[in-house]
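J.: how would this look folded up:
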Amino acid sequence: MSDTTHEQLANVVHELPSIVECKLCQDNNHGPTSYNGSVHSPLAVIGEGPGGVEDEYGVPLIGPSGQLLDKALWSVGVTRDKIYTSNIIKCRPKGNRTPTVDEGQFCANAWLDQELALVKPKIIIALGSVALKYLLAPTARITKDRGKWFSTKYGIPAIATYHPAYLLRLVGKDLVKAKWEVFYDFTAAVDKCKELAPDSGLKSEIIPDLLELYASRKNSRLDKA
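T.: Sure, this is the predicted structure:
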């Protein structure tokens, strides 16, 4: 994959604010978030939508949920700089509510489809219900379909697991059980990824500090707000 992919994705990101029909984009002061990580990776992680920290920085999953995700991926030999991370929804809904299925369909049809067509990952990990409903079916349920492989409309195999934000709300035995389930799901995804792309490196020597890495983007977004 050449650096042309970076340029094409940059064009996609540049066009994000131009969707006048998108109410979420109209209501957002900072503008849409984009992606982070490597466009060369065979592994893509797709979350739901930006929270407050992500909205400020302009990239997905770098706040408390993202930091928990970093630790979980590290346990299976993955760091975020070596994989591609994006969201179904690009703009934070008011009140930080969960995006609706219709909002997910609208936004992902417009932008995520273009991203994945350019990146062409071998494996997708869907984090949470919103990602699962878009990538599998609106009737899908994370409690029922978590940990099961399915084929996306892109022809890319995917597996769903709990969103780290869900884990942050759990305590006690429920938390321990859910963490192990996420670990098994991530392990399955990494194993299949290495099978399909055996020469790909998925882990750096340390967990990158994404808040530091994207600090300049945060400052730029806050200046424009």
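J.: Name all residues that make contact with the nearest residue to Ala197 once chain neighbours are set aside.
T.: Of all residues not flanking Ala197 in the chain, Pro42 sits nearest, at 3.8 Å (CB to CB, 6 or more residues apart in numbering). For the C-beta atoms, the positions are set from N, CA and C on the backbone; glycine is no exception. Neighbour list for Pro42: Pro121, Lys122, Ile123, Cys193, Leu196, Ala197, Ser200 [criterion: CB atoms under 8 Å, 6 or more residues apart in numbering].
J.: moving C-terminal of the helix-or-strand element of the chain with minimal mean pLDDT, what's the next helix or strand?
T.: Here the helix or strand of the chain ranked lowest by mean pLDDT, DSSP states H and E is helix 23-26, holding a mean of 70. Next along the chain after helix 23-26, taking DSSP states H and E as the criterion, comes strand 36-37.
J.: Give me the sheet partners of the helix or strand just after that following strand and which way each runs.
T.: Going down the chain from strand 36-37, the next helix or strand is strand 43-47, by DSSP H and E. Strand 43-47 has its sheet partners listed here by DSSP bridges as strand 84-87 (parallel), strand 123-127 (parallel).
J.: Dump these into TSV; add mean pLDDT, distance to Ala160 and mean neighbour count as well.
T.: Converted to TSV, the strands paired with strand 43-47 look like this (pLDDT from 0 to 100; distance: least, CB to CB, whole Å; neighbours: other CB atoms under 10 Å):
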stretch	mean pLDDT	distance to Ala160	mean neighbour count
strand 84-87	97	15	26
strand 123-127	98	4	27
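J.: closest one to Gly52 among those?
T.: strand 84-87 (14.0 Å; CB to CB).
J.: And the contacts of the closest one?
T.: Contacts of strand 84-87 (CB under 8 Å, 6+ apart): 33-39, 41, 43-50, 54, 59-61, 112, 115, 119, 121, 131.
J.: Using PDB, write out the CA atom coordinates for the next helix or strand after it.
T.: Using DSSP H and E, the helix or strand that follows strand 84-87 in sequence is helix 101-107. Output of helix 101-107 as PDB, limited to C-alpha atoms (Å, rounded to 0.1, in the frame of the first residue of the first chain):
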ATOM      1  CA  VAL A 101     -29.100   3.000  14.400                       C
ATOM      2  CA  ASP A 102     -30.300   5.500  11.800                       C
ATOM      3  CA  GLU A 103     -27.500   7.900  12.700                       C
ATOM      4  CA  GLY A 104     -25.000   5.100  12.500                       C
ATOM      5  CA  GLN A 105     -26.300   4.000   9.100                       C
ATOM      6  CA  PHE A 106     -26.200   7.500   7.700                       C
ATOM      7  CA  CYS A 107     -22.700   8.400   8.900                       C
END
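J.: Which SSE is immediately downstream of helix 101-107?
T.: helix 113-119.
J.: mean confidence for the helix ranked longest in the chain?
T.: Criterion DSSP state H: the longest helix present in the chain is helix 172-196. Helix 172-196 comes out with an average pLDDT of 98.
J.: Likewise for stretch 215-225?
T.: 85.
J.: still on that earlier bit, can you tell me what sits against the following helix or strand past the longest helix of the chain?
T.: Towards the C-terminus, the helix or strand next in line after helix 172-196, according to DSSP H and E, is helix 210-213. Contacts to helix 210-213, defined as CB under 8 Å, 6+ apart, come from residues Asn36, Val53, Tyr57, Val59, Ile62, Gly66, Asp70, Arg80.
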